[in-house]
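Student: Sharing a sequence plus its predicted fold:
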Amino acid sequence: MIEQILSYRGKKTVILATGDPTWYGIGATLTRYVPLEEFAIHPAPSAFSLAAARLKWPLQNTACVSVHGRPVELLNAHIVPGNRILALTSDATSIERSPNYWYSANLAKASHGVERHGRRYGKQSGVCRQRL
């Protein structure tokens, strides 16, 4: 894909992309191949910003982790008592696998629970994530 984009250098071109363009997106890719002065990035609010705003969580105090197309185990470093995690997943199976992995790795003690679209996983003593 990058070869096709580079073939348009010198011509006015627009690339529309979903998601956050500089969070593993096309913006991050372009910075590796095109001089910075040759393009502009106009992002919309990211999934992390929107979720944090909805939950009223300060984003600077929240671990934002993408497990979209990546191993769920990347969350492990962030599973500590009191930590807030926003995880971008590939699909419903990612979040369904996460609590099972946490329990199998004996990490459930660190979390109060995980909720996705009203379905609760883990301990029932607290809410780690509200329904979005």
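Tutor: Looks like it arrived, so ask away.
Student: In this protein, mark out all the strands, start to finish.
Tutor: All strands of the chain, identified by DSSP state E, fall at 62-67, 84-89, 114-116, 119-121.
Student: just how off-centre is the second one within its chain?
Tutor: When you say that, I think you mean strand 84-89. 6 Å (C-alpha atoms, centre = their mean, to the nearest Å).
Student: May I have the strands that pair with it, each with its orientation?
Tutor: Here strand 84-89 is paired, per DSSP bridges, with strand 62-67 (parallel).
Student: who touches the strand it pairs with?
Tutor: The contact list for strand 62-67, computed with C-beta atoms under 8 Å, 6 or more residues apart in numbering, reads 23-24, 48, 52, 74-75, 78, 83-90, 94, 98. Any C-beta I mention is one placed from the backbone N, CA and C, and that applies to glycine too.
Student: Quick one, which of those are buried?
Tutor: 23, 48, 52, 75, 78, 84-89, 94, 98 (16 or more other C-beta atoms under 10 Å).
Student: if I look at residue 39, how far off is residue 15?
Tutor: As judged by C-beta to C-beta, to the nearest Å, residue 39 and residue 15 stand 9 Å apart.
Student: Distance to residue 62 added to the buried ones among the contacts of strand 62-67, as TSV?
Tutor: Below are the buried ones among the contacts of strand 62-67 laid out as TSV (distance: C-beta to C-beta, whole Å):
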residue	distance to residue 62
23	14
48	8
52	6
75	13
78	10
84	4
85	7
86	6
87	11
88	12
89	16
94	18
98	17
